[in-house]
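K.L.:
below are the sequence and a predicted model; questions follow.
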Number of protein chains: 2
Amino acid sequence: MKFFEDIAIGERADLGSHTFTADDIKTFARRYDPQPFHLDEAAAARSHFGALCASGWHTAATWMRLMVEHQVREDAARRARGEAVATLGPSPGFRELKWLKPVYAGDTVKYSTEIIDKRASGSRPGWGIMSIHNTGVNQKGEPVISFISVAFVQRRH
Amino acid sequence: MKFFEDIAIGERADLGSHTFTADDIKTFARRYDPQPFHLDEAAAARSHFGALCASGWHTAATWMRLMVEHQVREDAARRARGEAVATLGPSPGFRELKWLKPVYAGDTVKYSTEIIDKRASGSRPGWGIMSIHNTGVNQKGEPVISFISVAFVQRRH
(Lines give C-alpha, C1' and ligand atoms only; values in the text may rest on other atoms or scores of the structure.)
Protein backbone atom coordinates (compact mmCIF):
# COMPACT_ATOMS: atom_id res chain seq x y z
CA MET A 1 0.00 0.00 0.00
CA LYS A 2 1.08 3.59 -0.59
CA PHE A 3 1.47 5.77 2.48
CA PHE A 4 -1.40 8.15 3.27
CA GLU A 5 0.65 11.20 2.18
CA ASP A 6 1.32 9.71 -1.28
CA ILE A 7 -2.31 8.96 -2.14
CA ALA A 8 -3.99 11.51 -4.40
CA ILE A 9 -7.72 12.12 -4.62
CA GLY A 10 -8.86 11.16 -8.13
CA GLU A 11 -6.29 8.36 -8.42
CA ARG A 12 -7.73 5.34 -10.24
CA ALA A 13 -6.66 1.69 -10.40
CA ASP A 14 -7.78 -1.31 -12.43
CA LEU A 15 -8.04 -4.39 -10.22
CA GLY A 16 -8.49 -6.90 -13.05
CA SER A 17 -11.51 -8.97 -13.94
CA HIS A 18 -13.31 -12.18 -13.00
CA THR A 19 -15.54 -14.48 -15.06
CA PHE A 20 -18.45 -15.84 -13.03
CA THR A 21 -18.93 -19.45 -14.18
CA ALA A 22 -22.07 -21.41 -13.32
CA ASP A 23 -20.02 -23.61 -10.95
CA ASP A 24 -18.50 -20.61 -9.24
CA ILE A 25 -21.96 -19.02 -8.78
CA LYS A 26 -23.46 -22.22 -7.33
CA THR A 27 -20.51 -22.88 -5.00
CA PHE A 28 -20.85 -19.45 -3.39
CA ALA A 29 -24.65 -19.68 -3.27
CA ARG A 30 -24.72 -23.10 -1.59
CA ARG A 31 -22.72 -21.71 1.35
CA TYR A 32 -23.90 -18.11 1.59
CA ASP A 33 -27.00 -17.34 -0.48
CA PRO A 34 -29.02 -20.50 -1.23
CA GLN A 35 -31.78 -18.89 -3.31
CA PRO A 36 -33.08 -20.90 -6.30
CA PHE A 37 -31.96 -18.34 -8.95
CA HIS A 38 -28.34 -18.66 -7.71
CA LEU A 39 -28.40 -22.48 -7.48
CA ASP A 40 -30.26 -23.94 -10.42
CA GLU A 41 -30.58 -22.97 -14.10
CA ALA A 42 -34.20 -24.16 -14.47
CA ALA A 43 -35.39 -22.39 -11.31
CA ALA A 44 -33.52 -19.24 -12.38
CA ALA A 45 -35.22 -19.31 -15.80
CA ARG A 46 -38.60 -19.15 -14.01
CA SER A 47 -37.52 -16.30 -11.69
CA HIS A 48 -37.53 -12.52 -12.22
CA PHE A 49 -33.83 -12.79 -13.22
CA GLY A 50 -34.57 -15.14 -16.17
CA ALA A 51 -31.26 -17.04 -15.92
CA LEU A 52 -28.68 -18.25 -13.39
CA CYS A 53 -26.98 -15.24 -11.79
CA ALA A 54 -24.49 -14.58 -9.01
CA SER A 55 -25.37 -13.58 -5.45
CA GLY A 56 -24.74 -9.87 -4.97
CA TRP A 57 -22.52 -10.81 -2.03
CA HIS A 58 -20.48 -12.96 -4.41
CA THR A 59 -19.96 -9.98 -6.75
CA ALA A 60 -18.88 -7.89 -3.73
CA ALA A 61 -16.60 -10.57 -2.21
CA THR A 62 -14.91 -11.02 -5.61
CA TRP A 63 -14.04 -7.30 -5.56
CA MET A 64 -12.35 -7.93 -2.20
CA ARG A 65 -10.22 -10.77 -3.60
CA LEU A 66 -9.12 -8.75 -6.62
CA MET A 67 -8.37 -5.76 -4.36
CA VAL A 68 -6.16 -7.89 -2.09
CA GLU A 69 -4.37 -9.48 -5.07
CA HIS A 70 -3.82 -6.02 -6.58
CA GLN A 71 -2.27 -4.75 -3.34
CA VAL A 72 0.00 -7.81 -3.10
CA ARG A 73 1.27 -7.16 -6.66
CA GLU A 74 1.72 -3.43 -6.04
CA ASP A 75 3.56 -4.02 -2.76
CA ALA A 76 5.88 -6.56 -4.43
CA ALA A 77 6.71 -3.96 -7.11
CA ARG A 78 7.40 -1.33 -4.39
CA ARG A 79 9.72 -3.71 -2.54
CA ALA A 80 11.49 -4.57 -5.82
CA ARG A 81 12.11 -0.83 -6.30
CA GLY A 82 13.45 -0.57 -2.72
CA GLU A 83 10.47 1.51 -1.54
CA ALA A 84 8.83 1.30 1.89
CA VAL A 85 5.39 -0.30 1.97
CA ALA A 86 2.57 1.09 4.11
CA THR A 87 0.17 -1.09 6.06
CA LEU A 88 -3.47 -1.09 5.00
CA GLY A 89 -5.51 -1.00 8.21
CA PRO A 90 -8.97 -2.31 9.00
CA SER A 91 -12.06 -1.07 7.18
CA PRO A 92 -14.79 0.46 9.34
CA GLY A 93 -17.33 -0.35 6.63
CA PHE A 94 -18.95 0.50 3.33
CA ARG A 95 -21.72 2.71 2.12
CA GLU A 96 -24.11 3.05 -0.80
CA LEU A 97 -23.63 -0.43 -2.21
CA LYS A 98 -25.71 -0.77 -5.37
CA TRP A 99 -26.31 -3.92 -7.37
CA LEU A 100 -27.13 -2.28 -10.69
CA LYS A 101 -27.60 -5.28 -12.99
CA PRO A 102 -27.61 -9.05 -12.44
CA VAL A 103 -24.30 -10.85 -13.06
CA TYR A 104 -25.23 -13.88 -15.18
CA ALA A 105 -23.27 -17.13 -15.57
CA GLY A 106 -20.49 -16.47 -18.09
CA ASP A 107 -20.34 -12.71 -17.44
CA THR A 108 -16.90 -11.14 -16.95
CA VAL A 109 -16.77 -8.26 -14.49
CA LYS A 110 -13.91 -5.79 -14.54
CA TYR A 111 -13.36 -3.98 -11.24
CA SER A 112 -11.79 -0.58 -10.70
CA THR A 113 -11.29 1.91 -7.89
CA GLU A 114 -11.05 5.66 -7.53
CA ILE A 115 -9.89 7.53 -4.43
CA ILE A 116 -12.62 10.08 -3.67
CA ASP A 117 -11.57 11.38 -0.26
CA LYS A 118 -8.75 11.22 2.31
CA ARG A 119 -8.32 12.69 5.77
CA ALA A 120 -6.19 12.20 8.88
CA SER A 121 -7.76 9.93 11.51
CA GLY A 122 -8.84 11.75 14.67
CA SER A 123 -9.00 8.60 16.79
CA ARG A 124 -5.89 6.76 15.53
CA PRO A 125 -2.70 8.83 15.39
CA GLY A 126 -0.36 7.54 12.69
CA TRP A 127 -3.25 6.61 10.41
CA GLY A 128 -5.27 8.27 7.69
CA ILE A 129 -8.67 7.31 6.30
CA MET A 130 -9.39 7.06 2.59
CA SER A 131 -12.73 6.68 0.81
CA ILE A 132 -12.73 4.70 -2.40
CA HIS A 133 -15.43 4.48 -5.04
CA ASN A 134 -15.42 0.90 -6.34
CA THR A 135 -17.15 -0.23 -9.51
CA GLY A 136 -17.64 -3.43 -11.47
CA VAL A 137 -18.55 -3.33 -15.17
CA ASN A 138 -19.59 -6.34 -17.27
CA GLN A 139 -18.33 -7.32 -20.77
CA LYS A 140 -21.05 -5.13 -22.37
CA GLY A 141 -19.78 -2.08 -20.48
CA GLU A 142 -22.77 -2.06 -18.10
CA PRO A 143 -22.07 -1.22 -14.45
CA VAL A 144 -23.18 -4.13 -12.24
CA ILE A 145 -21.93 -3.03 -8.80
CA SER A 146 -20.92 0.25 -7.20
CA PHE A 147 -20.02 1.08 -3.60
CA ILE A 148 -17.88 3.32 -1.45
CA SER A 149 -15.40 1.67 0.87
CA VAL A 150 -13.53 3.30 3.70
CA ALA A 151 -10.16 2.05 4.98
CA PHE A 152 -7.41 3.09 7.34
CA VAL A 153 -3.96 3.52 5.81
CA GLN A 154 -0.64 4.15 7.56
CA ARG A 155 0.97 7.61 7.58
CA ARG A 156 4.68 8.15 7.05
CA HIS A 157 6.58 8.59 10.31
CA MET B 1 -42.26 -13.83 2.69
CA LYS B 2 -45.15 -11.74 3.99
CA PHE B 3 -46.92 -9.55 1.46
CA PHE B 4 -45.99 -5.87 1.48
CA GLU B 5 -49.33 -4.88 3.06
CA ASP B 6 -48.79 -7.23 6.03
CA ILE B 7 -45.33 -5.94 6.96
CA ALA B 8 -45.25 -3.48 9.87
CA ILE B 9 -42.53 -0.92 10.50
CA GLY B 10 -40.79 -1.84 13.76
CA GLU B 11 -41.29 -5.59 13.22
CA ARG B 12 -38.25 -7.56 14.39
CA ALA B 13 -37.03 -11.08 13.64
CA ASP B 14 -34.25 -13.28 15.03
CA LEU B 15 -32.45 -15.06 12.19
CA GLY B 16 -30.45 -17.42 14.40
CA SER B 17 -26.72 -17.53 15.01
CA HIS B 18 -23.49 -18.82 13.49
CA THR B 19 -20.20 -19.83 15.13
CA PHE B 20 -17.19 -18.76 13.07
CA THR B 21 -14.65 -21.60 13.39
CA ALA B 22 -11.02 -21.15 12.33
CA ASP B 23 -11.62 -23.52 9.39
CA ASP B 24 -14.71 -21.63 8.31
CA ILE B 25 -12.83 -18.30 8.46
CA LYS B 26 -9.87 -19.62 6.43
CA THR B 27 -12.07 -21.32 3.80
CA PHE B 28 -13.88 -18.04 3.05
CA ALA B 29 -10.65 -16.01 3.15
CA ARG B 30 -8.77 -18.30 0.75
CA ARG B 31 -11.41 -17.66 -1.91
CA TYR B 32 -12.53 -14.11 -1.25
CA ASP B 33 -10.27 -12.20 1.17
CA PRO B 34 -6.76 -13.72 1.32
CA GLN B 35 -5.27 -11.33 3.89
CA PRO B 36 -2.84 -12.86 6.44
CA PHE B 37 -5.02 -12.10 9.51
CA HIS B 38 -7.90 -14.11 7.97
CA LEU B 39 -5.68 -17.04 6.88
CA ASP B 40 -3.11 -17.81 9.54
CA GLU B 41 -3.14 -17.69 13.36
CA ALA B 42 0.53 -16.64 13.71
CA ALA B 43 0.27 -13.84 11.13
CA ALA B 44 -2.99 -12.68 12.74
CA ALA B 45 -1.31 -12.54 16.19
CA ARG B 46 1.24 -10.08 14.73
CA SER B 47 -1.45 -7.93 13.05
CA HIS B 48 -3.55 -5.06 14.44
CA PHE B 49 -6.34 -7.61 15.07
CA GLY B 50 -4.20 -9.72 17.45
CA ALA B 51 -5.83 -13.05 16.53
CA LEU B 52 -7.43 -14.90 13.61
CA CYS B 53 -10.66 -13.14 12.61
CA ALA B 54 -13.28 -13.40 9.88
CA SER B 55 -13.38 -11.30 6.73
CA GLY B 56 -16.05 -8.62 7.07
CA TRP B 57 -17.56 -9.96 3.85
CA HIS B 58 -17.82 -13.38 5.51
CA THR B 59 -19.77 -11.85 8.42
CA ALA B 60 -22.06 -10.13 5.90
CA ALA B 61 -22.51 -13.20 3.64
CA THR B 62 -23.39 -15.30 6.71
CA TRP B 63 -26.23 -12.85 7.45
CA MET B 64 -27.50 -13.55 3.91
CA ARG B 65 -27.51 -17.31 4.47
CA LEU B 66 -29.35 -17.05 7.79
CA MET B 67 -31.82 -14.60 6.22
CA VAL B 68 -32.58 -17.04 3.35
CA GLU B 69 -32.94 -19.99 5.76
CA HIS B 70 -35.24 -17.92 7.98
CA GLN B 71 -37.48 -17.05 4.99
CA VAL B 72 -37.61 -20.72 3.90
CA ARG B 73 -38.76 -21.74 7.42
CA GLU B 74 -41.30 -18.91 7.63
CA ASP B 75 -42.71 -19.69 4.16
CA ALA B 76 -43.04 -23.40 5.03
CA ALA B 77 -45.00 -22.42 8.16
CA ARG B 78 -47.25 -20.11 6.08
CA ARG B 79 -47.94 -22.89 3.57
CA ALA B 80 -48.67 -25.33 6.43
CA ARG B 81 -51.28 -22.84 7.69
CA GLY B 82 -52.76 -22.59 4.18
CA GLU B 83 -51.62 -18.97 3.73
CA ALA B 84 -50.38 -17.42 0.47
CA VAL B 85 -46.67 -16.70 0.28
CA ALA B 86 -45.28 -13.49 -1.26
CA THR B 87 -42.22 -13.40 -3.47
CA LEU B 88 -39.17 -11.57 -2.17
CA GLY B 89 -37.78 -9.60 -5.10
CA PRO B 90 -34.25 -8.48 -5.92
CA SER B 91 -32.29 -6.17 -3.64
CA PRO B 92 -31.07 -2.91 -5.18
CA GLY B 93 -28.33 -2.77 -2.54
CA PHE B 94 -27.54 -1.78 1.01
CA ARG B 95 -26.23 1.21 2.88
CA GLU B 96 -24.24 2.16 5.96
CA LEU B 97 -22.53 -1.17 6.46
CA LYS B 98 -20.42 -0.99 9.62
CA TRP B 99 -17.99 -3.58 10.91
CA LEU B 100 -18.03 -2.57 14.57
CA LYS B 101 -15.75 -5.22 16.15
CA PRO B 102 -13.63 -8.04 14.73
CA VAL B 103 -15.26 -11.50 14.66
CA TYR B 104 -12.62 -13.85 16.09
CA ALA B 105 -12.33 -17.62 15.58
CA GLY B 106 -14.79 -19.25 17.98
CA ASP B 107 -17.12 -16.24 18.20
CA THR B 108 -20.85 -16.85 17.83
CA VAL B 109 -22.79 -14.09 16.09
CA LYS B 110 -26.54 -13.78 16.52
CA TYR B 111 -28.26 -11.93 13.68
CA SER B 112 -31.52 -10.01 13.80
CA THR B 113 -33.55 -7.69 11.60
CA GLU B 114 -35.92 -4.78 12.09
CA ILE B 115 -38.16 -3.26 9.42
CA ILE B 116 -37.44 0.47 9.48
CA ASP B 117 -39.29 1.68 6.39
CA LYS B 118 -41.68 0.54 3.65
CA ARG B 119 -43.12 2.23 0.61
CA ALA B 120 -44.81 1.34 -2.68
CA SER B 121 -42.41 1.07 -5.65
CA GLY B 122 -42.80 3.83 -8.23
CA SER B 123 -41.01 1.93 -10.99
CA ARG B 124 -42.43 -1.58 -10.41
CA PRO B 125 -46.22 -1.80 -10.05
CA GLY B 126 -47.20 -4.77 -7.90
CA TRP B 127 -44.13 -4.40 -5.68
CA GLY B 128 -43.22 -2.55 -2.51
CA ILE B 129 -39.80 -1.68 -1.13
CA MET B 130 -38.80 -2.32 2.46
CA SER B 131 -35.73 -1.10 4.34
CA ILE B 132 -34.36 -3.43 7.02
CA HIS B 133 -31.84 -2.66 9.74
CA ASN B 134 -29.71 -5.78 10.17
CA THR B 135 -27.43 -6.40 13.13
CA GLY B 136 -25.06 -9.10 14.34
CA VAL B 137 -24.09 -9.34 18.02
CA ASN B 138 -21.38 -11.61 19.46
CA GLN B 139 -21.60 -13.90 22.52
CA LYS B 140 -20.52 -10.99 24.78
CA GLY B 141 -23.44 -8.88 23.54
CA GLU B 142 -21.17 -6.61 21.47
CA PRO B 143 -22.50 -5.50 18.06
CA VAL B 144 -20.08 -6.66 15.33
CA ILE B 145 -21.96 -5.72 12.15
CA SER B 146 -24.78 -3.35 11.27
CA PHE B 147 -26.25 -2.38 7.90
CA ILE B 148 -29.43 -1.34 6.18
CA SER B 149 -30.64 -3.52 3.33
CA VAL B 150 -33.33 -2.67 0.83
CA ALA B 151 -35.47 -5.27 -0.93
CA PHE B 152 -38.48 -5.49 -3.19
CA VAL B 153 -41.45 -7.47 -1.87
CA GLN B 154 -44.65 -8.47 -3.66
CA ARG B 155 -47.93 -6.64 -3.02
CA ARG B 156 -51.26 -8.46 -2.65
CA HIS B 157 -53.25 -8.40 -5.88
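P.N.:
Thanks, I have it.

K.L.:
contacts only, for A:Ala61.
P.N.:
A:Phe28, B:Arg31, B:Tyr32, B:Asp33, B:Ser55, B:Trp57, B:Ala61 (Cβ atoms under 8 Å, 6 or more residues apart in numbering or on different chains). The C-beta positions use only the backbone N, C-alpha and C, and glycine is treated the same way.

K.L.:
which of the three states applies to it?
P.N.:
helix (DSSP: H, G, I helix; E, B strand; the rest coil).

K.L.:
measure it to B:Leu97 for me?
P.N.:
13 Å (Cβ to Cβ, to the nearest Å).

K.L.:
could you do A:His70 as well?
P.N.:
21 Å.

K.L.:
ok, these two, which is more surrounded?
P.N.:
B:Leu97 (26 against 17; other Cβ atoms under 10 Å in any protein chain shown).

K.L.:
separation between the more buried one and B:Val137?
P.N.:
Taking Cβ to Cβ as the measure, B:Leu97 falls 16 Å from B:Val137.

K.L.:
type out the PyMOL command that picks the buried ones from the contacts of A:Ala61.
P.N.:
Remark: buried members of those, expressed as a PyMOL selection using 16 or more other Cβ atoms under 10 Å in any protein chain shown:
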select buried, (chain A and resi 28) or (chain B and resi 31+32+33+55+57+61)
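
K.L.:
nearest to B:Val103 among the contacts of A:Ala61?
P.N.:
B:Val103 lies nearest to B:Ser55 out of those, by Cβ to Cβ, at 8.9 Å.

K.L.:
how close does the residue nearest the centre of chain A get to chain B?
P.N.:
What sits nearest the mean C-alpha location of chain A, by Cα atoms, centre = their mean, is A:Trp63, with 2.6 Å. Separation of A:Trp63 from chain B (Cβ to the nearest Cβ, to the nearest Å): 9 Å.

K.L.:
same deal with A:Phe28?
P.N.:
For A:Phe28, the distance to chain B - Cβ to the nearest Cβ - is 8 Å.

K.L.:
tell me the spacing between A:Ala45 and B:Tyr111.
P.N.:
Distance from A:Ala45 to B:Tyr111, counting by Cβ to Cβ: 31 Å.

K.L.:
so between these two, which is more surrounded?
P.N.:
Ranked by neighbour count (other Cβ under 10 Å), A:Ala45 and B:Tyr111 place B:Tyr111 first, with 24 against 12.

K.L.:
need the contact list for A:Thr59.
P.N.:
Residues in contact with A:Thr59, defined by Cβ under 8 Å, 6+ apart, are A:Phe20, A:Trp99, A:Val103, A:Val109, A:Gly136, A:Val144, A:Ile145.

K.L.:
who touches stretch A:79-89?
P.N.:
With Cβ under 8 Å, 6+ apart as the test, stretch A:79-89 has contacts from A:1-4, A:71, A:75, A:78, A:124, A:127, A:151-154, A:156, B:48.

K.L.:
and the end-to-end length of it?
P.N.:
One end of stretch A:79-89 sits 19 Å from the other (Cα to Cα, to the nearest Å).

K.L.:
give the rounded mean pLDDT of stretch A:16-24.
P.N.:
The average pLDDT within stretch A:16-24 is 98.

K.L.:
re the thing from before, how about the contacts of A:Ala61 in TSV, adding distance to A:Leu15 and pLDDT?
P.N.:
Shown next, in TSV, are the contacts of A:Ala61 (distance: Cβ to Cβ, whole Å; pLDDT from 0 to 100):
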residue	distance to A:Leu15	pLDDT
A:Phe28	19	97
B:Arg31	16	96
B:Tyr32	14	97
B:Asp33	14	96
B:Ser55	17	97
B:Trp57	15	96
B:Ala61	20	97
